[in-house]
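Chemist: Quick one, structure for this:
(one chain, ligands or ions: 1)
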Amino acid sequence: MKVIRSRRQRVCILIALLFVVLARESNASSRPKVRVLSTGGTIAGVQLNDEAPAYRAGTASAEDLIRAVPQAKKLADISVEQICNIGSQKMKNSIWLTLAKRLNEVLKDPDVDGVVITHGTDTMEETAYFLSLVSKSDKPVVMVGSMRPSTAISADGPMNLYNAIALAVNRNAKGRGVLVTLNDEIHYAREVEKSNTTGLNTFVSPNRGRAGLIQAGDAVFFSEPSLKYGLRSEFSVDLLAELPQVEIVYAYSNVGRDTIDYLVNKGVRGIVLAGAGEGNATDEALAGLQDAAKRGVAIVRSSRVGSGIVRRNIEVNDDRMGFIASGELNPQKARVLLMLGLTMTTDPNKLQNYYYEY
Ligand code: GLU
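Modeler: Below you'll find the model as predicted:
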């Protein structure tokens with residue numbers, strides 16, 4: 001059947017079509033845009049079978065994770081990228097550099113309003129702190145994981161991911177550096193640490209307290225982040241192909257200096273002492289560290305305790321031995337700051353200042 005339309009009718013139809021297309025476009029672009037960078041972890045973990053608690057972390061893809069929270073599509077237009085798919089105990093400096101560089105590229109994209117990074121909880125505090133020191137934007141960056149694998153009864157991943165996406169589009173989350181959310185809580189990258197091997201409430205911020213709470217995407221912040229990070233940080237990964245080697249030595253009763261001597265002979269650039277109490281160790285271990293400092297290895301005293309402050313010159317004479325005190329940073333975070341610090345200087349006084357400033 002032939003439909004004859006006047007020129008005027010055809011123009012009207014064209015204009016109407018144009019309006020429909022424009023309306024759709026503006027509807028789509030009115031939702032904020034979130035990029036999910038996926039790295040693996042238990043949130044992407046799959047049980048070996050229905051009954052067994054055993055599971056393989058880093059199995060489900062970024063798309064699978066988003067499919068498990070269809071409600072999140074109402075919060076934002078979500079795009080995904082798989083950076084790696086590993087249990088975070090396998091995190092490496094090389095992946096950190098790739099992730100940080102990609103994060104900065106994504107943050108520069110005017111079409112991205114916020115970023116969510118899915119990650120295992122084992123080393124999330126380290127990655128979060130590293131990224132908070134080298135990411136250059138005020139846009140929200142939210143790290144999220146889960147304690148139960150994606151196939152578990154009452155898996156916590158989907159709700160945690162929903163909260164992370166809600167935070168990534170929350171104006172109030174801007175300028176706070178990298179945030180970590182899990183179990184309806186929000187933590188600052190510098191403060192957060194894993195405190196329980198399996199509990200849903202594993203993340204704590206023992207020294208300065210958690211940043212806030214989030215229920216079904218509705219966030220409340222209790223405090224402002226402290227010290228330097230993000231745009232105010234002087235550290236950058238732009239020109240870095242690798243990070244200086246920094247290792248951690250654990251203190252315990254009767255600890256000797258063999259491990260320290262081994263590391264120094266291997267040529268490490270820095271050693272962090274996970275000290276007893278306020279960064280203490282046996283005379284033998286301290287003598288080993290003092291000799292290492294004399295050979296130009298940066299020595300940072302931190303604590304294995306999990307909270308509190310390691311101050312200078314309390315039971316150990318840092319001035320005389322050439323050591324640096326980690327302040328509030330636990331050993332794994334003190335290592336992150338030392339690696340970045342050593343990209344700028346080897347002067348123990350300047351390195352010490354980083355521990356006051358960051
Ligand atoms: N080892 C796993 C990981 O860090 C388990 C911890 C988790 O993701 O909750 O990837």
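
Chemist: For this structure, which residues are neighbours of the ligand?
Modeler: 41-42, 57, 87-89, 120-122, 145, 147 (C-beta under 6 Å from any ligand atom). C-betas here are computed from N, CA, C, even on glycine.

Chemist: Out of those residues, which end up buried?
Modeler: If you count burial by 16 or more other C-beta atoms under 10 Å, the buried members of the residues of the chain next to the ligand come out as 41-42, 57, 87-88, 120-122, 145, 147.

Chemist: coming back round to it: need the max-distance pair from the residues of the chain next to the ligand.
Modeler: Gln89 and Met147 (14.3 Å; C-beta to C-beta).

Chemist: just the helices in the stretch 51-200 of the chain please.
Modeler: Listed in chain order, the helices of the stretch 51-200 of the chain (DSSP state H, counting those that start in this stretch) span residues 62-67, 93-108, 124-134, 157-168.

Chemist: tally of neighbours for Arg223?
Modeler: Heads up, residue 223 is Ser, not Arg. Using other C-beta atoms under 10 Å, Ser223 has 14 other residues around it.

Chemist: State the helix or strand in which it lies.
Modeler: Assigned by DSSP states H and E, Ser223 belongs to no helix or strand.

Chemist: dump the residue contacts of the residue in the stretch 201-350 of the chain that the ligand sits nearest to.
Modeler: Here the residue of the stretch 201-350 of the chain nearest the ligand is Thr202; by C-beta to the nearest ligand atom that distance is 7.7 Å. Counting by C-beta atoms under 8 Å, 6 or more residues apart in numbering, Thr202 touches 121, 147, 182-183, 194-196.

Chemist: And the residue of the stretch 51-200 of the chain closest to the ligand?
Modeler: Closest point on the stretch 51-200 of the chain to the ligand, by C-beta to the nearest ligand atom, is Gly120, at 1.9 Å.

Chemist: Can you give me the pLDDT of that residue?
Modeler: Per-residue pLDDT puts Gly120 at 97.

Chemist: can you check Lys2 too?
Modeler: On the pLDDT scale, Lys2 gets 47.

Chemist: how about the helices of the stretch 201-350 of the chain, start to end?
Modeler: Using DSSP H, counting those that start in this stretch, helices in the stretch 201-350 of the chain cover 258-266, 283-294, 318-321, 331-342, 348-357.

Chemist: which of the ones you listed is buried the deepest?
Modeler: Mean neighbour count (mean count of other C-beta atoms under 10 Å) peaks for helix 331-342 among these, with a mean of 25.

Chemist: Put the alpha carbons of that helix into CSV.
Modeler: Output in CSV follows, covering the C-alpha atoms of helix 331-342 (Å, rounded to 0.1, in the frame of the first residue of the first chain):
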residue,chain,number,x,y,z
PRO,A,331,54.1,-2.1,58.3
GLN,A,332,52.4,-2.8,55.0
LYS,A,333,51.4,0.8,54.5
ALA,A,334,54.8,2.1,55.8
ARG,A,335,56.3,-0.1,53.0
VAL,A,336,54.1,1.6,50.4
LEU,A,337,55.1,5.1,51.5
LEU,A,338,58.8,4.1,51.7
MET,A,339,58.7,2.8,48.1
LEU,A,340,57.2,6.0,46.8
GLY,A,341,59.5,8.1,49.1
LEU,A,342,62.5,6.4,47.7
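
Chemist: Can you get me the centre-to-centre distance for that helix and its chain?
Modeler: A distance of 14 Å separates the centroid of the chain from that of helix 331-342, by C-alpha atoms, centre = their mean, to the nearest Å.

Chemist: Other residues contacting it?
Modeler: Here helix 331-342 has contacts from 93, 123, 125-126, 129-130, 133-134, 190, 193, 235, 243-244, 246-248, 269-270, 272-274, 298, 300, 302-304, 324, 326, 329, 350-351, 354-355, 358, using C-beta under 8 Å, 6+ apart.

Chemist: repeat that with 6 Å
Modeler: 126, 129-130, 133, 235, 243-244, 246, 248, 269-270, 272, 274, 300, 302, 326, 351, 354, 358 (C-beta atoms under 6 Å, 6 or more residues apart in numbering).

Chemist: Stretch 103-114 now?
Modeler: So stretch 103-114 is contacted by 32-35, 115, 135-137, 139-140, 168-169 (C-beta under 6 Å, 6+ apart).

Chemist: again with stretch 37-56
Modeler: Counting by C-beta under 6 Å, 6+ apart, 57-60, 62, 81-86, 88, 117-120, 145-146, 149, 151, 157 sit against stretch 37-56.

Chemist: Could you tell me the average pLDDT over stretch 239-246, please?
Modeler: 98.

Chemist: ok, and for that stretch, which residues are buried?
Modeler: Result for stretch 239-246 [16+ other C-beta under 10 Å]: buried residues 240, 243-244, 246.
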